[in-house]
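>>> sequence first, predicted model second:
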Amino acid sequence: MRISQRARSVAPFYAMEFGKQTAALEARGHRVVRLGIGEPDFGAPPAVLDAMREAMDGRPMPYTAALGLPALRQAIAGFYLDRHGVAVDPAQIVVTSGASAALVLAAAALVDPGDEVVIADPSYPCNRQIVEGFGARVTLVPTGAGTRFQLDAASVRSHWTDRTRGVMIATPSNPTGTSIPADELATICDLARERGAWRLVDEIYLGLSDHDDRGGPPRSALSSDPDAIVVNSFSKYFGMTGWRLGWCVAPEPLVPALERLAQNYFLCASSPAQHAALACFTPESLAVCEDRRAELARRRALVLDGLERIGLPVPVPPDGAFYVYFDVGRTGLTSWEFCERALHEAHVALTPGLDFGVHTAGTHVRLSYAASADSLREGIARLGEFITALPKATLP
């Protein structure tokens with residue numbers, strides 16, 4: 001069988017590969033502390049679970065419109081107004097089978113073969129794999145601690161060419177958990193818009209960002225760039241990873257193209273999941289999600305303190321999501337070696353930087369603190385013992 005060049009060129013998603021190894025160890029009776037996958041341990045809010053049970057009472061569940069349930073699109077628009085102070089027409093909202101489907105639709109609508117797209121290095125691997133799948137050439141821009149491992153306007157400008165057609169941004173970012181300051185994000189978007197390029201902003205982790213000094217929620221990119229394409233998800237803030245439900249907000253002229261593509265690619269997102277997701281936007285569910293955001297902040301403090309104690313520096317503390325991105329260079333191991341040995345010797349699952357780009361691929365490792373506080377304490381203790389036993393370790 002001839003496999004397409006597109007499929008052959010897609011790199012493995014190493015977080016999932018390590019997930020397979022973890023499952024194999026557990027099948028042999030080992031207890032593995034899972035700190036590799038970005039999956040909150042909370043699950044959906046109770047009201048959402050109740051709504052799903054009600055929806056699945058045996059009634060017919062036909063397809064919804066390709067753009068999603070009108071009531072859900074209205075509820076998402078209300079969420080932007082209430083939470084972020086941004087007025088979004090429900091007609092601009094496309095409900096999708098997870099944020100990944102939103103990214104696929106956006107890339108299909110925006111990318112032609114040979115287009116160049118600017119993306120930060122490190123960044124979530126699936127984002128660049130998706131645009132490359134539609135023929136784009138990705139320009140990976142090396143970033144560092146000085147810019148919080150994020151793009152800034154200067155780096156975007158310096159990597160711009162005549163073939164650049166768009167910029168993909170994730171804030172907060174996977175794998176670093178860091179955000180782009182709102183003013184800098186607005187400047188990047190202005191730069192791209194002035195050059196006639198699209199701006200696709202992944203805000204999957206926006207709801208898990210720290211609030212500002214006055215207690216205000218983080219700003220959406222839509223507050224400064226209403227024509228940006230913004231992608232979000234029910235997976236992270238609402239804890240609904242396996243439900244596969246997300247959305248994007250698109251400029252009105254783009255929506256008909258997204259609708260045609262959705263009709264042909266997916267028909268619609270899961271009907272019962274959409275009906276149940278309406279319960280996400282009740283005061284009860286939002287209060288639950290805010291309590292969980294505060295719990296994740298406590299877990300982050302636990303992890304940062306623990307990693308510092310065992311000598312694994314975190315170059316930039318995160319301000320959102322549930323990841324830390326730490327440097328293992330001083331151990332004498334590459335990120336891959338560190339993760340493999342940590343898994344098989346300490347039974348702690350992590351993700352090597354190899355997943356997230358080139359610039360820090362060999363030196364950095366991602367840890368997800370979406371696990372319970374007890375698991376985090378156990379995982380860090382095991383890592384400390386593992387590092388102490390390394391013959392090449394230069395850590396104190």
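Cool, the structure landed. Residues are numbered from 1 along each chain as shown.
>>> all strands for the stretch 251-396 of the chain, in order.
For the stretch 251-396 of the chain, the strands defined by DSSP state E, counting those that start in this stretch occupy 323-327, 348-349, 351-352, 364-368.
>>> what's the second one packed up against?
With contacts taken as 3 or more CB pairs under 8 Å, 6 or more residues apart in numbering; DSSP states H and E, strand 348-349 sits against helix 14-27, strand 33-34, helix 373-388. Where C-beta positions appear, they are placed from N, C-alpha and C, glycine not excepted.
>>> okay if I get the ones you listed as a markdown table plus mean neighbour count and mean pLDDT?
Below are those laid out as a markdown table (neighbours: other CB atoms under 10 Å; pLDDT from 0 to 100):
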| stretch | mean neighbour count | mean pLDDT |
| --- | --- | --- |
| helix 14-27 | 15 | 86 |
| strand 33-34 | 24 | 96 |
| helix 373-388 | 17 | 96 |
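>>> low pLDDT regions in the protein?
Along the chain, segments meeting pLDDT under 70 span 392-396.
>>> longest helix in it, please.
Longest helix in the chain, counting residues (DSSP state H): helix 283-309.
>>> how far off strand 364-368 does that one point, in degrees?
Calculated by axes from the mean of the first three to the mean of the last three CA atoms, to 10 degrees, helix 283-309 forms an angle of 140 degrees with strand 364-368.
>>> chain center to helix 283-309, what's the gap?
Average the C-alpha atoms of helix 283-309, do the same for its chain, and the two points are 17 Å apart (CA atoms, centre = their mean, to the nearest Å).
>>> list the buried ones in it?
Within helix 283-309, the residues scored as buried using 16 or more other CB atoms under 10 Å are 285-286, 288-289, 292-293, 296-297, 299-300, 303-304, 306-307.
>>> now do stretch 324-343
324-328, 330-331, 333-336, 338-343.
>>> do the same with stretch 269-276
Buried residues in stretch 269-276, counted by 16+ other CB under 10 Å: 269-276.
>>> just the ones of those residues in helices?
Checking these against DSSP H, those in helices are 271-276.
>>> widest-spaced pair of the residues you listed?
The span of these, defined through CB to CB, is set by Ser271 and Ala276 at 9.8 Å.
>>> and of the buried residues of stretch 269-276, the nearest to Ala51?
Distances from Ala51 to the buried residues of stretch 269-276, taken as CB to CB, are shortest for Ala276 (4.2 Å).
>>> the closest one: what's it in contact with?
Each residue near Ala276 by CB atoms under 8 Å, 6 or more residues apart in numbering is listed here: 44, 48-49, 51-52, 55, 243.
>>> quick check on these: which are buried?
44, 48, 51-52, 55, 243.
>>> which one of the residues you listed is nearest to Ala120?
Comparing the buried ones among the contacts of Ala276 against Ala120 with CB to CB picks out Trp243 as the nearest, at 28.1 Å.
>>> tell me where the stretch 51-200 of the chain has helices.
Counting by DSSP state H, counting those that start in this stretch, the stretch 51-200 of the chain has helices at residues 70-79, 98-110, 125-133, 153-158, 182-194.
>>> now do the shortest one: everything it contacts.
So the one you mean is helix 153-158. With contacts defined as CB under 8 Å, 6+ apart, helix 153-158 is touched by 118, 141, 143, 147, 167, 184, 187-188, 191-192.
>>> hmm, 10 Å instead?
The contact list for helix 153-158, computed with CB atoms under 10 Å, 6 or more residues apart in numbering, reads 118, 120, 139, 141-144, 147, 152, 164, 167, 169, 180, 183-192, 195, 197.
>>> the first one too?
Among residues not part of helix 70-79, those counted as contacts by CB under 10 Å, 6+ apart are 64-65, 67-69, 86-95, 207, 232, 234, 245, 247, 249, 269, 273-282, 286.
>>> buried stuff in it?
72-73, 75-77, 79.
>>> now those residues as JSON lines including distance to Arg382?
Listed next are those as JSON lines, based on distance: CB to CB, whole Å:
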{"residue": "Leu72", "distance to Arg382": "42"}
{"residue": "Arg73", "distance to Arg382": "45"}
{"residue": "Ala75", "distance to Arg382": "43"}
{"residue": "Ile76", "distance to Arg382": "41"}
{"residue": "Ala77", "distance to Arg382": "46"}
{"residue": "Phe79", "distance to Arg382": "39"}
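>>> how close does Asp319 get to Gly306?
18 Å (CB to CB, to the nearest Å).
>>> quick one, what contacts the nearest residue to Ser375 once chain neighbours are set aside?
Nearest residue to Ser375 in three dimensions, chain neighbours excluded: Val33, at 5.4 Å (CB to CB, 6 or more residues apart in numbering). If you count contacts by CB under 10 Å, 6+ apart, Val33 has them with 22, 342-343, 346-350, 371-372, 374-383.
>>> okay if I get the strands of the stretch 251-396 of the chain as a markdown table plus distance to Ala262?
Listed next are the strands of the stretch 251-396 of the chain as a markdown table, based on distance: least, CB to CB, whole Å:
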| stretch | distance to Ala262 |
| --- | --- |
| strand 323-327 | 30 |
| strand 348-349 | 35 |
| strand 351-352 | 31 |
| strand 364-368 | 30 |
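>>> out of those strands, which comes closest to Gly216?
Evaluated with CB to CB, the strands of the stretch 251-396 of the chain place strand 323-327 nearest to Gly216, the distance being 23.2 Å.
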